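**Student:** Got a predicted structure here, sequence first:
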Amino acid sequence: SSDWHSPDNWNPARVPTHGDDVIITNIGSAVLLSNSSPNLSSLVISNKTLTVSNWTTTLFATHLTIQANGTLTLPAAFTTSQMSNRIWIVCSNLTVDSGGRIDASEKGYASSATTGYGPGGGTGPGAGNGHGGGGGHGGKGGNSGTPFAGGPTNGSAAVATGPGSGGGSGAGSRIGGKGGGSIRIEADDAMILNGRITADGGSGDLYSGGGSGGGIYLACQSLTGTGLVSAAGGNGKDGGGGGGGGRIALDCATLDPA
């Protein structure tokens with residue numbers, strides 16, 4: 001099964017504990033972490049997906065490495081007004097290799113048959129005629145051509161951990177794009193990023209607005225590498241408004257892109 005907390009899923013047959021070196025590799029199904037991990041000595045994700053669920057779940061490790069084809073992600077976008085899931089990492093050193101991903105794109109607020117969920121949800125006609133507005137976050141969501149309003153700006157520029165909001169739904173209850181999710185990384189020392197950290201919003205369905213970008217907060221002593229950090233808004237479709245961009249906050253003593 002996929003449960004991190006089941007002893008039978010590990011070799012040896014016990015759940016990882018404080019100080020362990022843990023490798024998640026390409027055998028069996030993706031792994032689901034639903035409660036905070038112990039403080040691991042190291043965690044390597046290799047050719048595998050680790051999904052983290054719940055808002056307070058924290059991944060603790062002295063050294064965290066996401067290798068090529070390794071992915072750290074979230075469950076599907078939440079369909080209520082409550083923030084359900086985020087990626088929260090507390091470590092000393094983080095390395096994301098080329099081809100590795102921390103991916104919260106389209107994992108924030110979803111959209112209903114009328115408006116997008118979230119504080120910046122776009123509006124739309126639902127079953128009526130018209131086009132949905134885009135979700136808002138760091139930037140306002142775009143108004144649709146009908147017009148239905150895009151969602152307002154919201155959240156904190158300094159902390160940037162709020163998820164993106166859903167886009168407004170279009171005619172015939174076409175569903176708007178999902179907002180980007182929330183990523184919070186606290187590294188006491190170095191972050192080496194040659195892969196991708198993304199919290200992009202999703203594009204809307206026919207006549208619908210795009211979801212807004214999510215929130216990414218990165219704290220470290222030094223950041224190096226040639227990778228990508230993105231919280232872009234999703235596209236509106238066929239007259240729907242585009243999603244506003246998300247928020248990215250960087251708290252870093254030394255910035256040295258290669």
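**Tutor:** Received the coordinates, thanks. Numbering: from 1, shown residues only.
**Student:** give me phi/psi at residue 212?
**Tutor:** Main-chain dihedrals, residue 212, degrees, to the nearest 10: phi -80, psi 160.
**Student:** Neighbours of it, how many?
**Tutor:** Residue 212 is flanked by 50 other residues according to other CB atoms under 10 Å. Using the backbone N, CA and C atoms, a C-beta is placed for each residue, glycine as well.
**Student:** Quick check, pLDDT for it.
**Tutor:** Note on residue 212: pLDDT of 98.
**Student:** For residue 71, see how far away it is.
**Tutor:** Per CB to CB, to the nearest Å, residue 212 is found 23 Å from residue 71.
**Student:** Kindly report the same for residue 133.
**Tutor:** Taken as CB to CB, the span from residue 133 to residue 71 is 31 Å.
**Student:** what do you get for residue 97?
**Tutor:** Counting by CB to CB, the gap from residue 97 to residue 71 is 12 Å.
**Student:** Common neighbours of these two, please.
**Tutor:** Applying CB atoms under 8 Å, 6 or more residues apart in numbering, one finds that no residue jointly contacts residue 97 and residue 71.
**Student:** Okay, helices next: where are they in the stretch 151-258 of the chain?
**Tutor:** Here the stretch 151-258 of the chain has no helices by DSSP state H, counting those that start in this stretch.
**Student:** can you give me the strands in it?
**Tutor:** 182-187, 190-193, 196-198, 215-225, 228-230, 247-257 (DSSP state E, counting those that start in this stretch).
**Student:** For the fourth one, which helices and strands make contact with it?
**Tutor:** When contacts are defined as 3 or more CB pairs under 8 Å, 6 or more residues apart in numbering; DSSP states H and E, strand 215-225 packs onto strand 182-187, strand 190-193, strand 247-257.
**Student:** and those, which one is worst for confidence?
**Tutor:** Among the helices and strands packed on strand 215-225, strand 247-257 scores lowest, with a mean of 84.
**Student:** ok, now which ones touch residue 231?
**Tutor:** With CB under 8 Å, 6+ apart, residue 231 has these contacts: 137-138, 164, 180, 198-200, 213-216, 245-248.
**Student:** closest to residue 81 among those?
**Tutor:** residue 164 (14.1 Å; CB to CB).
**Student:** Could you verify my assumption that residue 214 touches residue 104?
**Tutor:** Yes. With contact defined as CB atoms under 8 Å, residue 214 counts as touching residue 104 (5.6 Å).
**Student:** which residues do these two both contact?
**Tutor:** Joint contacts of residue 214 and residue 104 (CB under 8 Å, 6+ apart) are 180, 181, 182, 183, 199.
**Student:** Counting neighbours, which of those comes out on top?
**Tutor:** Neighbour max across the shared contacts of residue 214 and residue 104 (other CB under 10 Å) = residue 180, 40 neighbours.
**Student:** And for the closest residue to it other than its chain neighbours, the neighbour number?
**Tutor:** Distances taken as CB to CB, 6 or more residues apart in numbering place residue 214 nearest to residue 180, at 2.8 Å, with adjacent residues excluded. Neighbours of residue 214 under the rule other CB under 10 Å: 41.
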